[in-house]
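>>> this is a predicted model, with the sequence first.
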Amino acid sequence: MPAFDPQAAPADAGPSFGPYSATTFSTIRQRWNMNAVRIPLSAASFLGDDAAFHKLGGIMRNANRLELLVILAAREPPEFWARCAAYFKTWPNVMFDVSGEQPRELVKAIRDTGANQPILVGGIDRLTADSLLDAPNIIYEVNPKYSTTRTDRDRYEHFGFLASQVPVLVNEGDLHLDQKAEPCASLPSDPSEVERLVKANLLYFDALGISWTASVFEPGELITDYRKQDATSLENGWTCGTPAALRPGLGTVVQLHLWGAEFRGLYAVNGAGGFRLPRGGVAILYGPIFADRDRQASGKRPPEALGKVSVEVTDALGVSRPAGLLYASAGWGQANFIVPDGSAPGPARVTVVRADGSSTAANTTIVDSAPSLWTALRNGRGPVIGFAVQHGADGKPSEVPTFRCDEAGCRTMPVVIASDRPTSVRLMGTGFRNAGSGADVRVELAGIPIPVTGLGPAPDPGVDQVTIQIPSSLRSLGEADLLCSVGGRLSNVVRISVGSPPLPSEPPASGIPAAP
Amino acid sequence: MSLVNDAYRSVLTWSNPAVHSLEEQARIPMFSKTPLELGLSQDGGRFIQTLRVDPFYRIQFPAVFSGTKDPFTIRNVAKAIAAFERTIISIGAPYDRYRYQGDESALSDSAQRGELLFFTDEGGAGCFRCHSGIDFADDSFHNTGLYDLPGLVSYPPESPGIFENTRRMADVGRFKTPTLRNIALTAPYMHDGSAGTLEAVLDHYAAGGRTGNPHKDQRLRPRVLTDQNRKDLIAFLTSLTDDELIHDPRFADPWPGYK
């Protein structure tokens, strides 16, 4: 993550989904399949009272709630770490990443507070037996250079040899293509060679159980921008130290590695962008689809072929079933399909089969439920697609959308909450229907649990709905995050507005029909 | 324009949407007046007489068109040419081996990146929107913004696109999407040869067309193509060259040394 500035305005709302918003954390966990965020801190910003730690704690709570461990990282001084550790010593899902000339002092400062979470000791270029501290629960952080770690032998000599003895984390894998100097200067000029180099590093880390962090989740590094949060690519080329219109980055390499997908291959995601596909629900394939042209299915029964393309799902029992298709794009794009309801949960394979005889397959996992909420932006973020029961002046109830899209963009529309009774809102999504009658279904609005009164299929193929009741006590909440979970499995984070004016709008995503 | 895989095309000339068979197409250069090509008379005249006495054709025509009163007709000449053209099949390019036979080594890294750019619209070059299908041709006609001349018809009068046949203003400048198979060997490019190199073609499309012609295809828009992207796209286009076909003796000069 970019450095956290406790003095900055909260970046949890509006069109850009700032770096520490719940939306961004949800993307990092679900769409990127990461399990931790490293938050760099400036010790100087945390002088004075505990207000800055309190603010940081709010963000950490959000990250933990969205299944992300938090690594707090700062350079010295011991006084800062003593205060930080004292504040967070009872937080189980946090680690402290210390770096400085005297790591033993920093570790002591933390341990003296009673904090016993893992401590990452950084600033080590080449890990040796002498680097090890005589202290428990330490993770050793190394910063190898691309110029000297080209082969597994290099990797072993620099840090791999100790990975079987102590926990190791490789930090700062960024290529710094915006700088003329190392590591950019030492890289091959061919994008694919660099992709393979980075991928070889990541595979080595995985093979030896070495943890790693990669680049920064900010525009121009791992992502193109906060609005779309698409992965950056190396494939447009670069000139070290020269700004480029298409900013190069490691995003695609990292994302594909975390997905277990091939370069320029096919991969399947659920409506929330995660990797478990709900049987009976809508899922999306990205990659070489090659329909004869962009095709949208119509009618209540999705066809098994669209644009001379079909999708086949082979489940864990080896049974193959055709999937109903909702959309198929020409060229490299997406195919939206219904995961066959009869598919057995477990590892599965999804195959795009084309009329020309070619096919492309992807591995995936099928589950009974993987909740996703539709959003007006059709990208799993922003204003949720829902319908609130509102009562007119004559007392008659009618359903009013929770969002509006027009030339100016899409935004939340306030759900007006009655003062004397809860207000019912029907949220649209997918991946709920097979949760089972006794499933633990939860919805949180601004972190507050909301009663769920209904759950099940909607009339459209693959679409489900969950009905919640917003209590009158929340009538002045304004726009807030909404999160759903089914059996502990989280949905994407969406936005809903309760009794307040809408926030600034954002243009809808273009050219991607029917995606959640 | 390349003839490869024309057997599968339903559109066969740059600017005549009414010609759907190779037999029909074969007659065009025989009898065309503007431009004058082979300059044959309607009955074939001297040309047919030449065939009747040619040592090869005087045997082959009666053998192939047996059962007809006179095998030496323009209709049969067109059939023979069309039958030959239908044998010019290209399916052995490196890209074919990569895409349809699973040979990962058939394409360089650069060409594989180029393929992704070619077939990606948002963030890519979007070429596939017109150069689609197995032959990279959509059997349709598009105005690619090559010209925007003053006056009602914004293309050169001698070559105004399918407007010449339809007389609809919206058809000004609309020409057939050619196949891209063997494209690296068929310079110059565009219907009028106004782009000398593939690099010049990429410049044209990266700019969204070289003019703002009012009838320009809406899919053309400026796109950011880096130097790397251009190299990769050209590597991909070059991977459509079918060396097997190019060196197939069946398509070599049948009368080498004949003057």
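That came through, no problem.
>>> helices along chain A, start to end?
A:22-26, A:51-65, A:78-88, A:103-111, A:152-158, A:191-208, A:251-259 (DSSP state H).
>>> burial-wise, tell me which of those comes out on top.
helix A:22-26 (a mean of 27; mean count of other Cβ atoms under 10 Å in any protein chain shown). The C-beta positions use only the backbone N, C-alpha and C, and glycine is treated the same way.
>>> regarding the residue nearest to residue B:124 when sequence neighbours are not counted, what is its secondary structure?
Nearest residue to residue B:124 in three dimensions, chain neighbours excluded: residue B:117, at 4.6 Å (Cβ to Cβ, 6 or more residues apart in numbering or on different chains). When classified by DSSP: H, G, I helix; E, B strand; the rest coil, residue B:117 comes out as helix.
>>> residue B:117 against residue B:232, yeah?
Yes. Counting by Cβ atoms under 8 Å, residue B:117 does reach residue B:232; the two are 6.1 Å apart.
>>> phi, psi for the nearest residue to residue A:59 once chain neighbours are set aside please.
Excluding the flanking residues, the one nearest residue A:59 by Cβ to Cβ, 6+ apart is residue A:20, at 4.7 Å. Backbone geometry at residue A:20, expressed as degrees, to the nearest 10, gives phi -110, psi 20.
>>> need the contact list for the nearest residue to residue A:34 once chain neighbours are set aside.
Distances taken as Cβ to Cβ, 6+ apart place residue A:28 nearest to residue A:34, at 5.1 Å, with adjacent residues excluded. By Cβ atoms under 8 Å, 6 or more residues apart in numbering or on different chains, residue A:28 lies in contact with A:34, A:37, A:66, A:68, A:217.
>>> go again using 7 Å as the cut-off
Residue A:28 makes contacts with A:34, A:37, A:68, A:217, as judged by Cβ atoms under 7 Å, 6 or more residues apart in numbering or on different chains.
>>> thinking again about what came up before, closest one to residue B:253 among the helices of chain A?
helix A:191-208 (40.8 Å; Cβ to Cβ).
>>> hmm, that closest one in reach of chain B?
Yes. Against chain B, helix A:191-208 shows contacts by Cβ under 7 Å from any Cβ of the partner chain at A:191, A:192.
>>> mind saving the C-alpha coords of that helix as CSV?
Extracted C-alpha coordinates of helix A:191-208, given in CSV (Å, rounded to 0.1, in the frame of the first residue of the first chain):
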residue,chain,number,x,y,z
PRO,A,191,8.8,-7.7,-21.6
SER,A,192,8.3,-11.5,-21.7
GLU,A,193,11.8,-12.1,-20.4
VAL,A,194,11.2,-9.8,-17.4
GLU,A,195,7.8,-11.5,-16.8
ARG,A,196,9.5,-14.8,-16.7
LEU,A,197,12.2,-13.5,-14.3
VAL,A,198,9.6,-12.2,-11.9
LYS,A,199,7.5,-15.3,-12.2
ALA,A,200,10.6,-17.5,-11.6
ASN,A,201,11.2,-15.5,-8.4
LEU,A,202,7.6,-16.0,-7.2
LEU,A,203,7.6,-19.7,-8.0
TYR,A,204,10.8,-20.1,-6.0
PHE,A,205,9.3,-18.2,-3.1
ASP,A,206,6.2,-20.5,-3.2
ALA,A,207,8.3,-23.6,-3.5
LEU,A,208,10.3,-22.8,-0.4
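>>> so it versus helix A:251-259, what angle?
30 degrees (axes from the mean of the first three to the mean of the last three Cα atoms, to 10 degrees).
>>> from the chain's centroid, how far away is helix A:191-208?
Once both centres are worked out by Cα atoms, centre = their mean, to the nearest Å, helix A:191-208 turns out to sit 22 Å from its chain's centre.
>>> give me the contacts around it.
In contact with helix A:191-208 (Cβ under 7 Å, 6+ apart) are residues A:146, A:149-150, A:152, A:155, A:160, A:163, A:170, A:173, A:187-188, A:212, A:234-235, A:237, A:250, A:253, A:257, A:263, B:109, B:113, B:228.
>>> swap the cut-off to 8 Å and go again
A:146, A:149-150, A:152, A:155, A:160, A:163-164, A:168, A:170, A:173, A:175, A:187-188, A:210-212, A:214, A:234-237, A:250, A:253-254, A:257, A:263, B:109-110, B:112-113, B:228.
>>> give me the neighbour count for the residue lying closest to residue A:465 once chain neighbours are set aside.
Of all residues not flanking residue A:465 in the chain, residue A:458 sits nearest, at 4.5 Å (Cβ to Cβ, 6+ apart). If you count neighbours by other Cβ atoms under 10 Å in any protein chain shown, residue A:458 ends up with 16.
>>> thinking again about what came up before, keep only those of the contacts of helix A:191-208 that are in strands.
When DSSP state E is applied, those are split such that A:168, A:170, A:211, A:212 fall in strands.
>>> domain ranges for the chain, per the record?
As the question left the chain open, I've gone with chain A. A:1-117, A:121-264, A:267-367, A:372-498 (automatic domain parsing).
>>> chain B, not that one
Using automatic domain parsing, chain B is parsed into the domains B:6-85, B:94-244.
>>> from the chain's centre, how far out does the last one sit?
Distance of domain B:94-244 from the chain centroid (Cα atoms, centre = their mean) equals 12 Å.
>>> for the shortest one, same thing?
In terms of Cα atoms, centre = their mean, the gap separating the centre of domain B:6-85 from the centre of its chain is 19 Å.
>>> give the buried residues for stretch B:29-37.
For stretch B:29-37, burial by neighbour count (16 or more other Cβ atoms under 10 Å in any protein chain shown) applies to residue B:30.
>>> who touches it?
Counting by Cβ under 8 Å, 6+ apart, residues outside stretch B:29-37 touching it are B:28, B:38, B:40, B:42, B:44, B:47, B:74, B:77, B:78, B:158.
>>> follow-up on the earlier one: in TSV, list the ones in strands among the contacts of helix A:191-208 along with neighbour count, pLDDT and distance to chain B.
Output for the ones in strands among the contacts of helix A:191-208, formatted as TSV (neighbours: other Cβ atoms under 10 Å in any protein chain shown; pLDDT from 0 to 100; distance: Cβ to the nearest Cβ, whole Å):
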residue	neighbour count	pLDDT	distance to chain B
A:168	24	93	31
A:170	26	91	26
A:211	18	94	30
A:212	19	94	25
